[in-house]
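*Asks:* Coordinates only, no sequence provided:
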């Protein structure tokens, strides 16, 4: 639901680039919103394999947690709140154009 809302807001505001600031879930949500902005219909249809993406709004990532991994992958995972269904989708369209990572943010993580 939040991804669909984000896609709707970005369409209304004519967003042409998305910057994700956070960890893996934030980056994955930004990818899914990018799919919603660049593709017609319900975003979840991609994750249900009912159709394939024809694009994704370009995005970058500012990583604030260690080991997110999403900042360099073409995949994303989101959860549909209705039924708490978790699904992934992968397409080169969603690979971030850049990632900013500060290794100092990982110094205080426990083992």
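*Replies:* On my side now, so go ahead. Owing to the predicted nature of the structure, the values given are computational and were not obtained by experimental measurement. Residues are numbered from 1 along each chain as shown.
*Asks:* rest of the way, CA atoms for contacts and neighbours
*Replies:* Fine.
*Asks:* Okay, and the beta partners of the nearest residue to residue 64 once chain neighbours are set aside?
*Replies:* For residue 64, ignoring the flanking residues on the chain, the nearest one in space by C-alpha to C-alpha, 6 or more residues apart in numbering is residue 22 at 4.9 Å. In this entry, residue 22 is beta-bridged to residue 63, by DSSP bridges.
*Asks:* Hmm, residue 66 and residue 22 touching each other?
*Replies:* No. Look at residue 22 against residue 66 with C-alpha atoms under 8 Å: they stay out of range, at 10.1 Å.
*Asks:* can you list contacts of stretch 35-54?
*Replies:* 3-4, 7-8, 10-11, 32-33, 55-57, 80, 87-89, 91, 94 (C-alpha atoms under 8 Å, 6 or more residues apart in numbering).
*Asks:* Now do the same contact list for the residue nearest to residue 64.
*Replies:* Residue 22 sits in contact with 61-65, where contact means C-alpha under 8 Å, 6+ apart.
*Asks:* Filter those residues down to the buried ones and hand me the ChimeraX line.
*Replies:* Command for ChimeraX, covering only those of the contacts of residue 22 found buried under the criterion 16 or more other C-alpha atoms under 10 Å:
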select :61,62,63,64,65
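*Asks:* Low-confidence ranges, this structure, go.
*Replies:* Scanning the chain for pLDDT under 70 picks out 106, 109-111.
*Asks:* That one: helices as residue ranges?
*Replies:* 2-12, 24-38, 44-47 (DSSP state H).
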